[in-house]
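> next comes the sequence, and after it the predicted model I'd like to discuss.
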Protein chains: 2
Amino acid sequence: MTYEDRLFAALADPTRRGIFERLGERRRSVAELARAVPVSQPAISQHLKVLKEARLVRDEAVGARRIYSIDPAGLGQLRQWLDRFWREQLAAFESAVEAERRE
Amino acid sequence: MTYEDRLFAALADPTRRGIFERLGERRRSVAELARAVPVSQPAISQHLKVLKEARLVRDEAVGARRIYSIDPAGLGQLRQWLDRFWREQLAAFESAVEAERRE
DNA sequence: TATCTTCATAAGTCATGGCTTATTATAAGC
DNA sequence: GCTTATAATAAGCCATGACTTATGAAGATA
């Protein structure tokens, strides 16, 4: 499974995207997230693990708590994918127009 | 299921993303895709249906064939989501810095 | 030390989704 | 008109993944 796969798969689940978007507002502990999102604490931990492996979030130990926050790395990857795709598609479009012009 | 859900779910599957990227190069028929991607023709059709419902792809009848091509609408949605997220995160970051400064 | 909180992991359940083969519908070509 | 090509749908199989409860580990608090 590539990094890109992990990235898209991580964002595919709505609950997980919800968690991610909440972390976008501000850093939160697992318990805070569990209070805000209607699933159990273990479910939150599992989602966070997936997000972390996709490099979308980081965590930091603070006492017994673990504070999660956004890691821009994953988003950067996503933007790269989008930009590359856009460029390629634009190029393909132009070459199609060019081919048509030559007919 | 929201449109956004459909969008992310559609891009989550690697095979489907492969199909989508091939269509990024140029428009193709179902049979062409089936020849290029190592799954059966019905599987291709099923993937195309998902991509179409996410507005990532359009189709057009040409004789007995169906020509699929990129529909920029879905990508636009994805970019919007990314941009909005980025802006919000930036704002959150700035307000965090501001709060820290006041301490 | 004993207890309480916080979080991760284990194990099991259930729904979803991606694939297959079989079939059907429509258009093309002889 | 009959056969071939193209593509969508139906039905069924199986793996994956999202959730649950139960449990354990590590830090905070009395």
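Ah, there it is. Residues are numbered from 1 along each chain as shown, chains lettered A, B, ... in the order given.

> now do the residue in chain A that chain B sits nearest to: how many residues are near it, please.
Nearest residue of chain A to chain B: residue A:12, at 3.5 Å (Cβ to the nearest Cβ). In short, each C-beta sits where N, CA and C put it, glycine included. When neighbours are defined as other Cβ atoms under 10 Å in any protein chain shown, residue A:12 has 18 of them.

> got a list of what it touches?
By Cβ atoms under 8 Å, 6 or more residues apart in numbering or on different chains, residue A:12 lies in contact with B:8-9, B:11-12.

> wait, doesn't residue A:88 sit right on residue B:25?
Yes - in this structure residue A:88 lies within contact range of residue B:25 using Cβ atoms under 8 Å: 7.1 Å.

> OK, contacts around residue A:50?
Applying Cβ under 8 Å, 6+ apart, the residues contacting residue A:50 are A:6, A:9-10, A:13, A:16.

> circling back: redo the contacts of residue A:12 as CSV? Include secondary structure.
Shown next, in CSV, are these (DSSP: H, G, I helix; E, B strand; the rest coil):
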residue, secondary structure
B:8, helix
B:9, helix
B:11, helix
B:12, helix
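
> pretty sure residue A:66 sits in a helix.
No - Residue A:66: not assigned to a helix; according to three-state DSSP it is strand.

> tell me what the residue nearest to it when sequence neighbours are not counted is bridged to.
Closest residue in space to residue A:66, ignoring its immediate chain neighbours: residue A:59 at 5.0 Å, by Cβ to Cβ, 6 or more residues apart in numbering or on different chains. With DSSP bridges applied, the residues forming beta bridges to residue A:59 are residue A:68.

> contacts only, for residue A:59.
By Cβ under 8 Å, 6+ apart, the neighbours of residue A:59 are A:48, A:52, A:66-69.

> pLDDT score for it?
Per-residue pLDDT puts residue A:59 at 98.

> next: residue A:33.
pLDDT, read off for residue A:33, is 98.

> you'd agree it is up against residue A:66?
No - in this structure, residue A:33 is not within contact of residue A:66 by Cβ under 8 Å, at 10.4 Å.
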